[in-house]
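Student: Curious how this folds, go ahead:
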Amino acid sequence: MSEISADLVSRRWRRVDIKVKVGGELHLLRWRRSWFVDEVLFDDRRVAASSGLFGRETIFGLHVKTPAGDETRLLLSIDPEADWTDWSGTGRPGGVRLETADGALLAIGTLGPDRTEPFQKLFDRAIEAIGLS
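Tutor: The predicted structure is shown next:
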């Protein structure tokens, strides 16, 4: 099995770009949302799509093949709702997660490991303010 790593390149309104390194080769995984279709591209080849007006898929099982002949299975999860902590007005997706069978390669935002931390901090401050601690 080849070595796999991933880094987030950009997370903007209706688009996510992820740099994926498979066995020493660099690849680009892209998620794009248009009016009626969400598509996932691996090196500019469509590997998954979800269409419809409402209720489109946000979890994509990917079986990608590199030009070198490596085959990799990935799970891409996207939270397309705008990130509530982003006050810049960009409307970027709330969370992105990319996994292999061994574990998460990338987990950011609402799909990250610390996704409940802001709520827990708010809850703790409210408990202290009321005097219940």
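Student: okay, CA-based contacts and neighbour counts for the rest of this
Tutor: OK.
Student: Which of the helices or strands spans residue 101?
Tutor: Counting by DSSP states H and E, residue 101 is held by no secondary-structure element, helix or strand.
Student: how much space between it and residue 47?
Tutor: Residue 101 sits 18 Å away from residue 47, going by C-alpha to C-alpha, to the nearest Å.
Student: More neighbours: which of these two?
Tutor: Residue environment comparison for residue 101 versus residue 47 gives the larger neighbour count to residue 47, 17 against 9, counting by other C-alpha atoms under 10 Å.
Student: What strand or helix carries that one?
Tutor: Per DSSP H and E, residue 47 falls inside strand 45-51.
Student: can you give me the strands in this protein?
Tutor: Counting by DSSP state E, the chain has these strands, from start to end: 4-12, 15-22, 25-33, 37-42, 45-51, 59-65, 71-82, 93-99, 104-109.
Student: nearest to residue 129, of those strands?
Tutor: Each of the strands of the chain has some distance to residue 129 by C-alpha to C-alpha; the shortest is strand 104-109, at 27.5 Å.
Student: Right, I'll leave it there.
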